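Novice: build me a model:
(chains A and B)
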Protein chains: 2
Amino acid sequence: MSESGRKFWGWGVKEADLSQEQKKEEAQRMEGLFDLSGLTVDPPPTLKEIEIPEPKIKPPDSLSEICTTNKLERASHTYGKGFPDIVRAYERDFKIAPDIVAFPCTEQDIVDILDWCSREGVAAIPYGGGSSVVAGTEPQVGEGYKGTVTIDMKNLDKVLEIDQISRAANIQAGIYGPALEASLKPYKLTLRHFPQSFQFSTLGGWIATRSGGHYATLGTHIDEFVESVRMITPTGEIESFRLPGSGAGPSPDRFLIGSEGAMGIITSAWMRLQDRPTFRENAALVFPDFHSASEAVRAVLQAGLYPSNIRILDSNEAWFNKVHEGTEAVMVLGFESADHSLEAWMNRALECCMDHGGVVPDEEGDDTGAQDRNKQGIAGAWRDAFIGMPYVWEALVAMGMISETYESAITWERFPEFHETVITEMNKVMNEVCGGGFISCRFTYAYPDGPAPYYSITAPGKKGSQLEMGAELKNVISELFIKLGGTITHHHAVGRYHHKWYKKQRPELFGEVLKAAKHKLDPGGIMNPGVLVDLVR
Amino acid sequence: MSESGRKFWGWGVKEADLSQEQKKEEAQRMEGLFDLSGLTVDPPPTLKEIEIPEPKIKPPDSLSEICTTNKLERASHTYGKGFPDIVRAYERDFKIAPDIVAFPCTEQDIVDILDWCSREGVAAIPYGGGSSVVAGTEPQVGEGYKGTVTIDMKNLDKVLEIDQISRAANIQAGIYGPALEASLKPYKLTLRHFPQSFQFSTLGGWIATRSGGHYATLGTHIDEFVESVRMITPTGEIESFRLPGSGAGPSPDRFLIGSEGAMGIITSAWMRLQDRPTFRENAALVFPDFHSASEAVRAVLQAGLYPSNIRILDSNEAWFNKVHEGTEAVMVLGFESADHSLEAWMNRALECCMDHGGVVPDEEGDDTGAQDRNKQGIAGAWRDAFIGMPYVWEALVAMGMISETYESAITWERFPEFHETVITEMNKVMNEVCGGGFISCRFTYAYPDGPAPYYSITAPGKKGSQLEMGAELKNVISELFIKLGGTITHHHAVGRYHHKWYKKQRPELFGEVLKAAKHKLDPGGIMNPGVLVDLVR
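Specialist: You can find the predicted model right below:
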């Protein structure tokens, strides 16, 4: 039942992993920043090395064919792909592995599993691709349950129906990104939802976590592309009407989107699709500093231009990802359409950028023409870095460092103070806790009323103490996010890692509404306990 | 406490009302369609003529200053502006008037009123401008309550704070459309939310009912412009973080938007604003038939062009509203921007339209230039008709006719059958019930995956039987909407008139979630009973 090549301890496939040599190179690059003498690069864990407790529960015979207690499966379904996940995997600590991994093939299988879990007080953890960086699928459920069963949705992976006229498709939740796009390609359609986790995440996971995708503006979250959604809860099924728009009461879809497995399991959804783009305008610019670049983003967004891509990197982010060497900030800007040429759009966006000091540098590869420019120069380097990032993070963890990302969203007028405070305070706490550190920022998404800043840090850690050190840093920045009025997450979801701050952000009475809803849909409190609402058992 | 000029029995102000002469003219226009001999135009009711029962309850002394039992106020707050409302007003039937009308001046006043209502079992009806066409503010609450108090929010009418950098403002819920825009104008900002009710409706009402506004695409509903919302419930307050975007669990805003006063009273909201447009491209086109026009709308939307205005009228709708005489369908198309010229956008949209048989006719007034074309010809005629419509409807009701509108939304691939069935069945039932009738259709809003068709009917009625006849027609079309997979409402809300079909549309378990939420926020079941969830008392 295992997928050949998928790593059980971290991101991606073994074949794409960095070699020990490459990991050392990544480490050496950091040596200009901190004193790293004495740090060594640990090898990843092997299945033999790790110990997993005996399963505490046994599925009923009727479910035995779709359940397994195989060691590799249990190990593979233990952690997500966040920093504390990789640290614990490298510490060979898999004691919280789920007791059972279930692979339902039909909705009835899911109904049966949830029935059994409700009856027996077993925690049910819905599982898509396991790419959560917030412990959204971690079977850490406290003492109130007899055991845990992780429900891997990968067998519900079909495109059930395509409506070419409305450009929509009914798609099962367990399908992975590449398979989904491959199914739509013959119809010249695309969902165009490309989160960084695209390769190893599923439609159901995207909807359950309000995933952020390809579009930097307008359709930033998967929310916008959901036409209707179907969920199996312990109490029964919920399926919304398939509608292009509605004003009939509070949106049922918007209540299920982002429910993170705490109310039920999303089994399928009608998704709004696009024609595959054939017209593209791409540009890369440099700015004298991050503030200017940020003001350019605001200008483009408030002009109502809606580029599909408008990402800015501060100079640290550009250097760290080998995109650009220098003191400037960098912007990657792109428009795309399946219908019309975009010169007017791009020309006006470039004017907005130039008003704020943006310059289009002479780049190698510029002579390949606008259509290909995004695979070259700054844009191409960013793309390569973006795809390879999770492998690099693991390398840093393997040498004992702290490597974390934190993302938020905030209105424009508060952003400058927000940003300065975050940078100052994080540098301070990294110095105190780690004796140094490196912080960088980019905008992944932007809105007319504010950006979604994304911070990455790297700091020297200490093997054996990485978790505590990382937690200290995370605590400082998360408290700042909330105190300064930002969201605890723009697109990484709440999961278990953000729960504490989510509770400060969420209006208290809305928390009570969620609890009441959960009590109705999941009276046994078995669904992904610890996510969104407090444990009820 | 009364507003000078506001009619207590129907839409708008007395000064703008049609004269008896004009009403007769409207009536005569219908004579080409049906046999109207014998029908007379009734005068509107006077306050003297109507009888209102003594109030069943008395507010506590502490609330007496903000409460009234004045006859005019009670009459004015009895009905919305829908067909059955006007009929009953013309029948001089005001027996369901609220016992008390309260005019809170502060949030604390609202808290105090709701406390009293909860304690005493009095139904509380939140009231903005009273423009509901679905009985959203009608104090029809059944036997379980000691009485009814309508809470008119008009004194909470301030723009509290403007953030010009993020382009957002914190605005109290009771402000009317024109006052809201006037407050923003000095800052060169606009909310640009212009529902047909704009003049006599409020921000809080728009948010509570998911109102449809100015934009035919993208920001169709008020939902998109809400940055955060504040609500007073009987249990306490809910206020969401002010954020440009978030992925932290199910959206609290999207749960409160559309809650129709059943959970609490919206007191203020941070709203996303726009710069006031300075660039405009407008065009009007004729199409050989409605289907071609509809396909043109689909082409423009699926091209990703997002005009601010793309409304199509079938030939009946164009004739009825004196927009265009002929057998063709008509389109009004417009782009607007505060930032850039829109030639490229309009040119491509016109190409899409011409691909489907659209033609730009030679119009008088064409020589005034593109900027002014929307005030001339087809577009200008539509604009005038749109603003005057509610007055005309009342004239038709006053002569005993049935005049109703029904609106839905449906995906493109199902629209042709949907439309044909609706037209056929409605003609059939109008013949059966009224001995004839006239149905027309327009698209008010459109999406890449489907349109929001809006049907208007006029049929000869019979004084004394208008309510029953209207209900029969409404029943047929509403059943069709649901059966054919459309929504019971795209932007008129659920209220009391749509409740029956809303329950068929809404996933049953989501209905249970709403009930559980209401039980938590409004344990006494006092908030707008009968709206969204079934009566609990």
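
Novice: how is chain A divided into domains?
Specialist: A:53-152, A:159-275, A:279-483 (automatic domain parsing).

Novice: point out where the stretch 301-450 of chain A drops to low pLDDT.
Specialist: For the stretch 301-450 of chain A, residues meeting the criterion pLDDT under 70 lie at A:363-376.

Novice: for it, what spans make up the helices?
Specialist: Assigned by DSSP state H, counting those that start in this stretch, the helices in the stretch 301-450 of chain A fall at A:315-320, A:343-355, A:377-398, A:415-434.

Novice: out of those helices, the one nearest chain B is which?
Specialist: helix A:343-355 (3.6 Å; CB to the nearest CB). Heads up, the C-betas are built off the backbone N, CA and C, glycines and all.

Novice: just checking that closest one against chain B, any contact.
Specialist: Yes. Applying CB under 8 Å from any CB of the partner chain, one finds helix A:343-355 touching chain B at A:343, A:344, A:345, A:348.

Novice: what's the burial count for the first one?
Specialist: Just to be clear, that refers to residue A:343. For residue A:343, the neighbour count with other CB atoms under 10 Å in any protein chain shown is 13.

Novice: is the closest residue to it other than its chain neighbours in a bridge, and if so with what?
Specialist: Once flanking residues are discounted, residue A:343 sits nearest to residue A:281: 6.7 Å by CB to CB, 6 or more residues apart in numbering or on different chains. The partner list for residue A:281 in beta bridges (DSSP bridges) reads residue A:335.

Novice: list the residues that contact the closest residue to residue A:158 other than its chain neighbours.
Specialist: Nearest residue to residue A:158, sequence neighbours excluded (CB to CB, 6+ apart): residue A:172, at 5.0 Å. With contact set as CB atoms under 8 Å, 6 or more residues apart in numbering or on different chains, residue A:172 has these partners: A:153, A:156, A:157, A:158, A:159, A:160, A:203, A:204, A:267, A:268.

Novice: helix or strand for the residue of the stretch 1-150 of chain A found nearest chain B, just tell me which one.
Specialist: Of all residues in the stretch 1-150 of chain A, the one sitting closest to chain B is residue A:134 (10.3 Å; CB to the nearest CB). Using DSSP states H and E, residue A:134 sits in no helix or strand.

Novice: hmm, it is touching residue A:82, no?
Specialist: Yes. Between residue A:134 and residue A:82 there is a contact under CB atoms under 8 Å: 6.4 Å.

Novice: so residue A:480 sits in a helix?
Specialist: Yes. Applying DSSP: H, G, I helix; E, B strand; the rest coil, one finds residue A:480 inside a helix.

Novice: run a quick neighbour tally on it.
Specialist: 19.

Novice: tally of neighbours for the closest residue to the residue of the stretch 1-150 of chain A closest to chain B other than its chain neighbours?
Specialist: The shortest distance from residue A:134 to any non-neighbouring residue, by CB to CB, 6+ apart, is to residue A:495 (2.9 Å). Neighbours of residue A:495 under the rule other CB under 10 Å: 25.

Novice: ok now do the residue in the stretch 101-250 of chain A that chain B sits nearest to, which residues does it touch?
Specialist: Residue of the stretch 101-250 of chain A nearest chain B, by CB to the nearest CB: residue A:244 (3.2 Å). With contacts defined as CB under 8 Å, 6+ apart, the neighbours of residue A:244 are A:166, A:227, B:409-412, B:446-452.

Novice: and of those residues, the nearest to residue B:277?
Specialist: Closest to residue B:277 out of the contacts of residue A:244 is residue B:446 (19.9 Å), distances taken as CB to CB.

Novice: thought the closest one was touching residue B:216?
Specialist: Yes. Counting by CB under 8 Å, residue B:446 does reach residue B:216; the two are 6.2 Å apart.

Novice: overlap in contacts of the two?
Specialist: residue B:310.

Novice: quick one: residue A:184 and residue A:274 touch, right?
Specialist: No. With contact defined as CB under 8 Å, residue A:184 does not reach residue A:274; the gap is 9.5 Å.

Novice: between these two, which contacts overlap?
Specialist: By CB under 8 Å, 6+ apart, the residues touching both residue A:184 and residue A:274 are A:190, A:191.

Novice: per-residue pLDDT, residue A:210?
Specialist: pLDDT, residue A:210: 98.

Novice: okay if I get the helices of the stretch 301-450 of chain A as CSV plus distance to residue A:178?
Specialist: Listed next are those as CSV, based on distance: least, CB to CB, whole Å:
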stretch, distance to residue A:178
helix A:315-320, 27
helix A:343-355, 29
helix A:377-398, 13
helix A:415-434, 35
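
Novice: where does the stretch 351-500 of chain A get nearest to chain B, which residue?
Specialist: For the stretch 351-500 of chain A, CB to the nearest CB, closest residue to chain B: residue A:450, 3.2 Å.

Novice: how about that residue, nearest residue that isn't a chain neighbour?
Specialist: Nearest residue to residue A:450, sequence neighbours excluded (CB to CB, 6+ apart): residue B:244, at 3.2 Å.

Novice: measure the one you found to residue A:272 for me?
Specialist: 22 Å (CB to CB, to the nearest Å).

Novice: need the overlap of contacts for residue A:134 and residue A:82.
Specialist: In contact with both residue A:134 and residue A:82: residue A:497, using CB under 8 Å, 6+ apart.

Novice: just give me the neighbour total for residue A:527.
Specialist: 27.

Novice: the residue nearest to it when sequence neighbours are not counted in helix, strand or coil?
Specialist: Ranked by CB to CB, 6+ apart and with sequence neighbours excluded, the top spatial neighbour of residue A:527 is residue A:262, at 5.4 Å. Assigned with three-state DSSP, residue A:262 falls in the coil class.

Novice: can I assume residue A:262 is in contact with residue A:525?
Specialist: No. Here residue A:262 does not reach residue A:525: they are 9.5 Å apart, not a contact under CB under 8 Å.

Novice: so between these two, which is more surrounded?
Specialist: Using other CB under 10 Å, the more surrounded residue of residue A:262 and residue A:525 is residue A:262, with 25 against 21.

Novice: distance of the more buried one from residue A:490?
Specialist: Counting by CB to CB, the gap from residue A:262 to residue A:490 is 20 Å.

Novice: low-confidence ranges, chain A, go.
Specialist: Using pLDDT under 70, chain A drops low at A:1-4, A:363-376, A:535-537.

Novice: ok but residue A:456 is inside a helix, no?
Specialist: No. Residue A:456: not assigned to a helix; according to three-state DSSP it is strand.

Novice: for it, which residues are in contact?
Specialist: By CB under 8 Å, 6+ apart, the contact set of residue A:456 is A:317, A:320, A:403, A:404, A:405, A:439, A:440, A:441, A:442.

Novice: in PyMOL, how would I select the buried members of the residues you listed?
Specialist: Only the buried entries of the contacts of residue A:456 go into this PyMOL selection, using 16 or more other CB atoms under 10 Å in any protein chain shown:
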select buried, chain A and resi 317+320+403+404+405+439+440+441+442
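
Novice: what is the nearest of the contacts of residue A:456 to residue A:420?
Specialist: Looking across the contacts of residue A:456 and measuring by CB to CB, the closest to residue A:420 is residue A:441, at 11.0 Å.

Novice: I figured the closest one hits residue A:451, correct?
Specialist: No. Applying CB under 8 Å as the test, residue A:441 and residue A:451 come out as separate, 9.9 Å apart.
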